[in-house]
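Engineer: sequence unknown, structure follows:
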């Protein structure tokens, strides 16, 4: 009986802890890319201004991240500007 109560309380504590670990609420972690600034139908420039996505993939610039999101119907956010760590 005591073991069952212990595991039940431990499970409850872990569920609560994992829910609090997520930062940013519904918006999720990272920075939302400004995809409205680009005409993705015309393509992106070749200017190298790297951004690291939350998927740990290096994109040549913010426009390319937006293009990736559009083509694959995803919502990869910007982890940081510059190279991935």
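Structural biologist: Thanks, I have the structure now. This is a predicted model, so every value here is computed, not measured.

Engineer: Helix, strand, or coil at the closest residue to residue 53 other than its chain neighbours?
Structural biologist: Excluding the flanking residues, the one nearest residue 53 by CB to CB, 6 or more residues apart in numbering is residue 76, at 4.3 Å. The C-beta positions use only the backbone N, C-alpha and C, and glycine is treated the same way. The three-state label given to residue 76 by DSSP: H, G, I helix; E, B strand; the rest coil is coil.

Engineer: part of a helix, is residue 42?
Structural biologist: No. Counting by three-state DSSP, residue 42 is not part of a helix but coil.

Engineer: Tell me how far it lies from residue 62.
Structural biologist: Residue 42 sits 15 Å away from residue 62, going by CB to CB, to the nearest Å.

Engineer: out of those two, which sits in the busier spot?
Structural biologist: Set residue 42 next to residue 62 and count neighbours by other CB atoms under 10 Å: residue 62 wins out with 20 against 7.
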